[in-house]
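A.B. asks: Model the structure of this input:
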Amino acid sequence: MGLTARLGALAAALLLALFAAGIAAALARGERVACHCFGALSVSAAGPTALARNLSLSAVAAFVVLAPSAHYPGIGSWIGGLSAAQRVAFWLSLVVVALSATTMWAGRELLRQHGRLILRLDALETASAHGTGLQVDAPVFTIERWPGGELSLDGLRASGRPLLLVFSDPHCGPCAAAVPAVAVAQRAVVGRLTIALLSAGATPESEAAWRHHQLDLVGIDADSAIAHSYGIMGSPAAVQISTDGRIATAPVYGVQRISDLISFAAGPEARTHTDEDSRDPRLVAAGGKEQ
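C.D. replies: Numbers count the residues shown, from 1 in each chain. Here you go, the predicted model:
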C-alpha cells in the first residue's frame, strides 16, 4: 500500500475523529448543531446517527493506516477478473443501489416539503379564522340571484356590515351539509354580519334544500369565475369581506372552519348562538370537493 494512501487515510481518520468529538461535546451540552454532511442540499441536526457514522468511517480509515503491509488486489484488477456477465451484473447492481438511494433521498425531501406545506396551510387557515386579513380589494361581481334578480358585491355591502361569502357546489356532498349551517348562521347573526352563498350552478336537489332551509342571498356562479377570482380552490369554502370592501381573511375550507369563521366575524355576542346551533348533527361534515 502506497505512502499517499496511508497519509490520506490518516488525515481522514483524524478529521473524522475531530468531527465525532465535536458532535459528542454538543450532544453532551444539549445543543443542536446543523449538519451539512452531504452538501447544501442536506440540512439536519447532527445527532447520534451522525456520531455513529463518523466513528465508523474513522475506524475504517484507521484500519487502512494500521495495516500498511496488507496487499490486496485493486478494484480494477478485481473487475478485470470477472466474466462479461459478472461485470454487467456488478455495474447494474451499482446503478440499482444508486437509484434506490436517490429515490429514498428524494422521497424523504418530498415528504419534508409536503409536511412544511401542510403546516403553513394550517397556520394560514387558523390565522384566517381569527381575522388575520389579506387586506386586498375584493373582486366586484354581479351575478344571477336565486330565485330571481341579481346579487352583487356592492348590494351585499350596502348595509355597512362585514360580509361573508360562502362558496358551494351543488354536486358536492359536504356543501349540501353546509347549507343548513349557513341558513342557521344567517338568522343567528342578523344585524351583525351579512352571509351570502355563491353556488357553482343549481340542481333541483340543491334548490329544494335552499327552499327547505329558507336560505337567503343565494347567487349562481355558474362557471365558478367569481370563486376563482377570490382564490377559491375547492368547496365548501368561505372568505370574509371587511366593511371597507377588502378581503379580510384567506379562504377557509370545510363546514367546521366556515362555522368558526362565522363566529369570529360576527363577534362575541353571536358566538353562543352559532356554537349551539353547530352541535346539530345535520351540520357536521368532513372534507370537501375540489373544483
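
A.B. asks: show me where this protein has strands.
C.D. replies: Using DSSP state E, the strands of the chain run over 33-35, 44-46, 136-137, 142-146, 150-152, 163-168, 194-199, 218-220, 234-235, 237-241, 246-247, 252-253, 289-290.

A.B. asks: Mind listing the strands the third one pairs with, and their directions?
C.D. replies: I take that to be strand 136-137. Here strand 136-137 has these sheet partners by DSSP bridges: strand 246-247 (antiparallel).

A.B. asks: still on that earlier bit, which stretch in the strands of the chain has the least confidence?
C.D. replies: When those are compared by mean pLDDT, strand 289-290 comes last with a mean of 42.

A.B. asks: what number of residues lie near residue 212?
C.D. replies: Using other Cβ atoms under 10 Å, residue 212 is surrounded by 11 other residues. (Glycine included, C-beta is placed from N, CA and C.)

A.B. asks: Bridging across strands, which residues link to residue 252?
C.D. replies: Per DSSP bridges, the residues bridged to residue 252 are residue 238.

A.B. asks: can you list the weak-confidence ranges in the chain?
C.D. replies: Scanning the chain for pLDDT under 70 picks out 1-6, 27, 29-47, 65, 67-79, 116-117, 119-135, 268-291.

A.B. asks: so who does the residue nearest to residue 215 when sequence neighbours are not counted touch?
C.D. replies: Spatial nearest neighbour of residue 215, excluding adjacent residues (Cβ to Cβ, 6 or more residues apart in numbering): residue 183 at 4.7 Å. Shown in contact with residue 183 (Cβ atoms under 8 Å, 6 or more residues apart in numbering): 213, 214, 215, 216.

A.B. asks: Can you lay out the strands of the chain as CSV showing distance to residue 57 and mean neighbour count?
C.D. replies: Below are the strands of the chain laid out as CSV (distance: least, Cβ to Cβ, whole Å; neighbours: other Cβ atoms under 10 Å):
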stretch, distance to residue 57, mean neighbour count
strand 33-35, 14, 13
strand 44-46, 14, 16
strand 136-137, 54, 10
strand 142-146, 67, 16
strand 150-152, 69, 15
strand 163-168, 57, 26
strand 194-199, 62, 25
strand 218-220, 66, 21
strand 234-235, 49, 23
strand 237-241, 53, 27
strand 246-247, 55, 17
strand 252-253, 49, 22
strand 289-290, 48, 12
